[in-house]
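Asks: Below are the sequence and a predicted model for it; my questions follow.
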Amino acid sequence: MTDKQLRVVLAEDSVILRDGMVELLTARGCVVVATAGTAPELVAAVTEHRPDVAVVDIRMPPTHTDEGIRAAVELRATMPGVGILVFSQHVETAWAARLLADGAAGVGYLLKERVARTSQFVDALHRVAAGGTALDPEIVNGLIRGRRRSRVDTLTPREREVLELMAQGRSNRSIAAQLVVSERAVEKHVAAVFTKFELPATDADNRRVKAVLAYLAEHGTS
């Protein structure tokens, strides 16, 4: 997954954390083409360098509220080919929903305190840059809570667990290991999700991606 040398723009207002992340990413074979300490600097850097992925903190100067993720939503709309990975200590469900409003492809949202290994973070970067999805379970759960009845509500608890892990970008093998079940059992749950989401088998469509997009679409708006 990590053979390609990724070009990264890194937006983080803490100089110490930003410099540390540049060192870590460089050591892992990534090329940090630019760093940014403010949202306008982020937009300018992505516009200039067109990286594979931009790493964005939510709260940046001057108000330290939502400048970063506002910029991420803007970049998502204007440069859809650039992957966006929000990396923050804050859970902002409403903004996550806006970021995912046009689909989950090429989007990630990870919480700083829950990323235990650099390799986990770099794997997420590669996945997002390749058009995949990397969502922390807390973000997924936040998108679920308090929503009106939908197709997701027809799923069994285990089918919902499987779908949540699919939304995090997990493979069937990874899901099986996480849930301590056989890969065949996971395949059956995934098939049930496809059926309940009315996603027929076709050669052209990736039903796995469509299921995740449908899931996020239903829980990305109030």
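Replies: Done, it's in.

Asks: is the residue nearest the centre of the chain in a bridge, and if so with what?
Replies: Nearest to the geometric centre of the chain sits residue 108, at 1.7 Å (CA atoms, centre = their mean). Beta-bridge pairing for residue 108 (DSSP bridges): residue 85, residue 134.

Asks: swap in residue 11?
Replies: Per DSSP bridges, the residues bridged to residue 11 are residue 36, residue 56.

Asks: Number of residues surrounding residue 184?
Replies: Residue 184 has 9 neighbours, counted by other CB atoms under 10 Å. (C-beta placed from N, C-alpha, C; glycine too.)

Asks: mind listing the helices in the protein by residue range?
Replies: Shown for the chain, the helices assigned by DSSP state H span residues 15-27, 39-49, 67-78, 93-99, 118-129, 137-144, 157-167, 172-179, 183-196, 207-219.

Asks: will you turn these into TSV that also has mean pLDDT and distance to residue 84?
Replies: As requested, the helices of the chain are exported to TSV (pLDDT from 0 to 100; distance: least, CB to CB, whole Å):
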stretch	mean pLDDT	distance to residue 84
helix 15-27	93	16
helix 39-49	95	9
helix 67-78	90	5
helix 93-99	80	7
helix 118-129	92	7
helix 137-144	75	13
helix 157-167	89	16
helix 172-179	93	23
helix 183-196	90	26
helix 207-219	72	14
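
Asks: Quick one: residues contacting residue 58.
Replies: By CB atoms under 8 Å, 6 or more residues apart in numbering, residue 58 lies in contact with 66, 68, 69, 86, 88, 90, 92, 95.

Asks: for the helices of the chain, which one sits closest to residue 57?
Replies: helix 67-78 (4.8 Å; CB to CB).

Asks: for the closest one, which positions count as buried?
Replies: Using 16 or more other CB atoms under 10 Å as the test for burial, helix 67-78 gives 67, 68, 69, 70, 71, 72, 73, 75, 76.

Asks: Could you check how far the second one is from residue 161?
Replies: Yep, that's residue 68 we're talking about. According to CB to CB, to the nearest Å, residue 68 and residue 161 sit 31 Å apart.

Asks: Can you mark which positions in stretch 6-26 are buried?
Replies: Those would be 6, 7, 8, 9, 10, 11, 12, 13, 18, 21, 22, 25, for stretch 6-26 by 16+ other CB under 10 Å.

Asks: Put together TSV for these, with distance to residue 31 on each row.
Replies: Putting the buried residues of stretch 6-26 into TSV (distance: CB to CB, whole Å) gives the following:
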residue	distance to residue 31
6	7
7	5
8	7
9	10
10	11
11	16
12	17
13	22
18	15
21	13
22	10
25	8
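
Asks: List just the nearest of those to residue 46.
Replies: Taking these together and measuring to residue 46 by CB to CB, the closest member is residue 9, at 5.3 Å.

Asks: ok, the closest one - contacts?
Replies: Neighbour list for residue 9: 32-36, 42, 45-46, 49, 51, 53-55 [criterion: CB under 8 Å, 6+ apart].
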